[in-house]
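Participant: Have a look at this prediction, sequence included:
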Amino acid sequence: MRFLLFVLLFLSFAYALGLVLANNTEIGVNLLFSQAPAMNLGLLLILCLILGIVIGLLLALLMFRVLQNKWEISRLQKLNTNLQEQIDQANVVIDRQANSPTVEDAVYSGKAVQDGTSESYLNESNSSEPTVLTKGKRD
């Protein structure tokens, strides 16, 4: 890789040198608001080429940064919608669990016996109503 880079740099230097030697006439440059001193046409071409490459690289980096930011924004928006869906699903599960009866409600639903003695249980078992388990303290 370094060898290829070295060859490319050597070829670009040789091209610039050939350009300067082939275009050796002196010309003046008008910069609209001022006049630059007369310089070699080949050197002026090399300066313009280098300036164009630098400006092009800076614009390319700027555009790449803008595209990279757009990609990041779209990725984060997708992640945000995914997380919002997960929150909605978790809220549904929490609502189901909050509204579902507890084990105690399922087992001990109905009328509660006033005292936890066996006589009251027997008295209720003889009645026409079905017996219901109640929660009472053990002695």
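Facilitator: Looks like it came in fine.
Participant: what does the average pLDDT come to for the longest helix anywhere in the chain?
Facilitator: Determined from DSSP state H, the single longest helix within the chain is helix 41-99. Averaged over helix 41-99, pLDDT sits at 91.
Participant: Output the next helix or strand after it as PDB, restricted to C-alpha atoms.
Facilitator: The first helix or strand that comes after helix 41-99 along the chain, using DSSP states H and E, is helix 103-107. In PDB, the C-alpha atoms belonging to helix 103-107 read as follows (Å, rounded to 0.1, in the frame of the first residue of the first chain):
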ATOM      1  CA  VAL A 103     -54.200 -15.600  44.800                       C
ATOM      2  CA  GLU A 104     -55.900 -14.600  48.100                       C
ATOM      3  CA  ASP A 105     -58.800 -13.000  46.200                       C
ATOM      4  CA  ALA A 106     -59.200 -16.200  44.100                       C
ATOM      5  CA  VAL A 107     -59.100 -18.500  47.100                       C
END
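Participant: distance between the longest helix of the chain and the chain's centre?
Facilitator: Computed by C-alpha atoms, centre = their mean, to the nearest Å, the chain-centroid distance of helix 41-99 equals 9 Å.
Participant: Show me what it packs onto, helices and strands only.
Facilitator: Judged by 3 or more C-beta pairs under 8 Å, 6 or more residues apart in numbering; DSSP states H and E, helix 41-99 is in contact with helix 2-22, strand 26-30. Where you see a C-beta, it was placed from the backbone N, CA and C, and this is true even at glycine.
Participant: quick one: buried residues of the shortest one?
Facilitator: For strand 26-30, a neighbour-count test (16 or more other C-beta atoms under 10 Å) marks nothing as buried.
Participant: That one versus helix 41-99: what angle between them?
Facilitator: Angle, strand 26-30 to helix 41-99, by axes from the mean of the first three to the mean of the last three C-alpha atoms, to 10 degrees: 40 degrees.
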